[in-house]
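**Student:** below is the structure, and that's it, no one-letter string:
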């Protein structure tokens, strides 16, 4: 049977709304490192650190707006994969190659736009109880079951009559997000930038191989102390030695997502 005019109208409105929030989530962000030969690094670094944090927050907030929008649609609230796949595919089409879009049932079983029913479960994921409790998840770090890549999770619960009946989520490729932020802000080659989650694990890093690494486990004692300082303070400056080089970095905690954003420059030889 075909859709009724009312259902067609609802679908069109959903597509337009989802398309709009997708633009917020994955549209271009431009912020250029402002630097001249006689500029003061600390001043430039503080401005760019703000831009770096704001760029990541905006990207994650945009994805969250998309998952919240989808979670409120009739198609998703129906709990029927056949009905919800199309609106989820609208979001997936904007992030192809960068993320997986999924719907999970309360028992942890889940579907992805690419695979449909996966036959796997999210029940053991540390972030899953928050979704079952009706809370959004922003920035949880996992190795994606769908893509096998290091991923950042953004997800929203689906509520029907006040009860959680599922969750809509996006597993964002952490390395690709870090690379896109680097390209947008145009960091100089001698600049180091990364973000740590609340446990001190690297969420984003210019060097992709360091994403999901705990710096305190692989660096010098001075780096371990720097990480402790960064996790304990809202902002500041740290000095440490890593890979044979002295580094000075500014850091700032995001009140929005709880990560610590770090920006610095290699010390001159």
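**Tutor:** Looks like it arrived, so ask away. Quick caveat: nothing in here was measured; it's all calculated off a predicted structure.
**Student:** mind listing the strands the helix or strand harbouring residue 101 pairs with, and their directions?
**Tutor:** According to DSSP states H and E, residue 101 maps onto strand 99-104. Strand 99-104 has the following strand partners under DSSP bridges: strand 109-112 (antiparallel), strand 163-173 (antiparallel).
**Student:** quick check: next helix or strand after the longest one?
**Tutor:** The element immediately downstream of strand 163-173 (helix or strand, assigned by DSSP H and E) is helix 174-185.
**Student:** may I see the buried residues of the helix or strand following that next one?
**Tutor:** Sequence order places strand 191-196 as the next helix or strand after helix 174-185, per DSSP H and E. Neighbour counts using 16 or more other CB atoms under 10 Å place 191, 192, 193, 194, 195, 196 of strand 191-196 among the buried residues. Placement of C-beta: from N, CA and C, glycine included.
**Student:** over to stretch 95-115?
**Tutor:** Across stretch 95-115, burial judged by 16+ other CB under 10 Å covers 95, 98-106, 109-113.
**Student:** quick one: the helices in the stretch 101-250 of the chain?
**Tutor:** Using DSSP state H, counting those that start in this stretch, the helices of the stretch 101-250 of the chain run over 128-132, 174-185, 215-218, 221-232.
**Student:** who are the packing partners of the second one?
**Tutor:** Which is helix 174-185. The contact analysis (3 or more CB pairs under 8 Å, 6 or more residues apart in numbering; DSSP states H and E) places helix 174-185 against helix 41-71, strand 150-160, strand 202-205.
**Student:** in space, what's closest to residue 181 - neighbours in sequence excluded?
**Tutor:** Spatially, and ignoring its direct neighbours in sequence, residue 181 is nearest to residue 55 (5.4 Å; CB to CB, 6 or more residues apart in numbering).
**Student:** that neighbour: how many residues sit nearby?
**Tutor:** Under the neighbour criterion other CB atoms under 10 Å, residue 55 is assigned a count of 19.
**Student:** I'd say it and residue 187 touch.
**Tutor:** No - shown here, residue 55 and residue 187 do not form a contact pair, counting by CB atoms under 8 Å, at 11.4 Å.
**Student:** mind listing what residue 243 touches?
**Tutor:** By CB atoms under 8 Å, 6 or more residues apart in numbering, the contact set of residue 243 is empty.
**Student:** where does the chain dip in pLDDT?
**Tutor:** Confidence mapping of the chain against pLDDT under 70 gives the ranges 1-43, 96-97, 266-269.
**Student:** hmm, try it at 90
**Tutor:** For the chain, residues meeting the criterion pLDDT under 90 lie at 1-48, 51, 93-99, 144-149, 180-192, 206-208, 215-221, 241-248, 264-269.
**Student:** about what we covered before: let's have the buried residues of strand 191-196 in TSV, adding distance to residue 222.
**Tutor:** What follows is the buried residues of strand 191-196, written out as TSV (distance: CB to CB, whole Å):
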residue	distance to residue 222
191	20
192	15
193	19
194	16
195	20
196	16
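**Student:** among those residues, which one sits closest to residue 241?
**Tutor:** Lowest distance from residue 241 to the buried residues of strand 191-196 (CB to CB) belongs to residue 192, with 12.8 Å.
**Student:** OK, contacts around the nearest residue to that closest one once chain neighbours are set aside?
**Tutor:** Closest residue to residue 192 apart from its sequence neighbours, by CB to CB, 6+ apart: residue 264 at 4.9 Å. Neighbouring residues of residue 264 by CB under 8 Å, 6+ apart: 45, 191, 192, 193, 247, 248, 249, 250.
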